[in-house]
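**Student:** what follows is a predicted protein model with its sequence.
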Amino acid sequence: MTEFHLVRHGETEWNVGEVFRGRTDIELNETGIKQAELLAQYLSKTKIEAIYSSPLKRALRTAEIVARPHNLEVNIDPGLIDFDYGQWQGLSHQEVKDKYKELYTAWTSHPQQVKMPDGESLNEVRERAMAVVKNIIARYKGTVVLISHRVVNKVLICALLGLDNSHFWKIKQDTCGITTFTYKDGQFILTRHNDTSYLEPISRSQLSDF
């Protein structure tokens, strides 16, 4: 049996400001660092075989903090990199709604049909992220942590539950939220979703799904 935790990176200022991030390499903010530290403390007594991360700083910094108590090196995997929003990257939510009205409507109603201008589609995310998961279940029989991004994790959760990408907006994962699956006898089983209970010491109002 393989257990893996799908973790979203800690908070950034672009999460708070609702700016589309994508491949832009944004650092964690002060809250994000504290979230990562609490996550590391929470997982410190869990026996972890490996930690995988997106190459972007916000995920990699989160992963490095989690890895310290276990004396593990972080495996950087480009398959976990954030969704390529293309022309939307660096724009605020409101700017996108104003400038790309038709595409934004399609994104919020039929995300599985959208390919971002100069960017990618959810199907492309699914293909590369599932390749990472398949590699992990072939290599490990214990607990593995994957630290990635909102879109990537939501697409993975859909895939592992046997749902297509049209269900993308039915799933929410907060910054530093943990979603856990086990893999046994060819089946992926969801055992926990969007656990942020360990963040109570810095409890604050939840951000929107952005």
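**Tutor:** Yep, that arrived.
**Student:** which residues of the protein score low on pLDDT?
**Tutor:** 203-206 (pLDDT under 70).
**Student:** against residue 48, how distant is the residue nearest to the spatial centre of it?
**Tutor:** Note on the chain: the residue nearest the mean C-alpha position is residue 149, at 2.7 Å, using C-alpha atoms, centre = their mean. Distance check for residue 149 against residue 48: by C-beta to C-beta, to the nearest Å, it reads 20 Å. In this view, the C-beta of every residue, glycine as well, is placed from N, C-alpha and C.
**Student:** centre of the chain to the longest helix belonging to the chain, how far?
**Tutor:** When the chain is scanned for its longest helix (criterion: DSSP state H), the result is helix 122-139. Counting by C-alpha atoms, centre = their mean, to the nearest Å, helix 122-139 is centred 13 Å from the centre of its parent chain.
**Student:** what packs against it?
**Tutor:** If contacts are counted by 3 or more C-beta pairs under 8 Å, 6 or more residues apart in numbering; DSSP states H and E, helix 122-139 sits against strand 2-8, strand 48-53, strand 143-148, helix 150-160.
**Student:** so which of those gets nearest residue 137?
**Tutor:** strand 2-8 (4.8 Å; C-beta to C-beta).
**Student:** thinking again about what came up before, report the contact partners of the residue nearest to the centre of the chain.
**Tutor:** Contact analysis of residue 149 by C-beta atoms under 8 Å, 6 or more residues apart in numbering lists 8-9, 21, 54, 56, 59, 80-83.
**Student:** which residue sits closest to residue 55, ignoring its sequence neighbours?
**Tutor:** Sequence neighbours aside, residue 76 is the residue nearest to residue 55 in space, at 5.0 Å (criterion: C-beta to C-beta, 6 or more residues apart in numbering).
**Student:** typed the wrong thing, it's residue 19
**Tutor:** residue 92 (5.3 Å).
**Student:** surely the one you found touches residue 17?
**Tutor:** Yes - using C-beta atoms under 8 Å as the test, residue 92 is close enough to residue 17 to be in contact (6.9 Å).
**Student:** more neighbours, these two?
**Tutor:** residue 92 (14 against 10; other C-beta atoms under 10 Å).
**Student:** one step back: got the helices and strands packed on helix 122-139 as CSV, with distance to residue 64 and mean neighbour count columns?
**Tutor:** Putting the helices and strands packed on helix 122-139 into CSV (distance: least, C-beta to C-beta, whole Å; neighbours: other C-beta atoms under 10 Å) gives the following:
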stretch, distance to residue 64, mean neighbour count
strand 2-8, 13, 24
strand 48-53, 8, 21
strand 143-148, 9, 25
helix 150-160, 18, 23
